[in-house]
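[1] build me a model from this:
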Amino acid sequence: MNGDWMEVMKAAISEVLETMYFAEVSFREEKAIPESFEGWRARIQARRSDGANSATLILWLSPHFAKELAGNLLALEPHEISEEDVKDAMGELANMVGGSWVKQLEPSEWRLGLPDAAPVDSQIAGAGAGWEMLSYGEPVGFAAVQVTEGS
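    Here you go, the predicted structure:
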């Protein structure tokens, strides 16, 4: 496993949020993801071409921040944003961050899967450790990479 995966992921998240969603985030030190979370989850898997391993990028975002990002991406006012708009914007976020992430790792060695986004209002047991994301000093979510070793 490349020891820089988390740093590459943070750079990809920052790049996509700044250029496509007109938002900035900073990252707090790595810590355990809370077992209970309310908001949105966006994820995408990248698999090595040789099957050696795969990595899943997961973002958990607060409801307010997810809605803000959807509004920024779609150029909509807060009252115009539907839950479907947020879901689409979160899926697109996972796709763009995943693409940037793979491009920075080694595009010829990785294949990106399809993004997945859904509201989360329950347990997220087994999430492991990740980075807390802050926007203007306020917590807005978490980011993590989960690696699975292949055969």
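[2] now do the strands in the protein.
    Assigned by DSSP state E, the chain shows strands spanning 26-32, 36-48, 53-61, 110-112, 116-123, 129-135, 138-149.
[3] could I get those strands as TSV with mean pLDDT?
    Shown next, in TSV, are those (pLDDT from 0 to 100):
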stretch	mean pLDDT
strand 26-32	84
strand 36-48	90
strand 53-61	90
strand 110-112	91
strand 116-123	82
strand 129-135	90
strand 138-149	88
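[4] point out the most buried one among those strands.
    strand 53-61 (a mean of 21; mean count of other CB atoms under 10 Å). Yep, even glycine has a C-beta here, placed from its N, CA and C like the rest.
[5] now do stretch 34-41: distance to the chain's middle.
    Put simply, stretch 34-41 sits 13 Å off its chain's centre (CA atoms, centre = their mean, to the nearest Å).
[6] use 34 as the first number for this chain going forward.
    I'll keep to 34 as the first residue from here, and by that count the last item is stretch 67-74.
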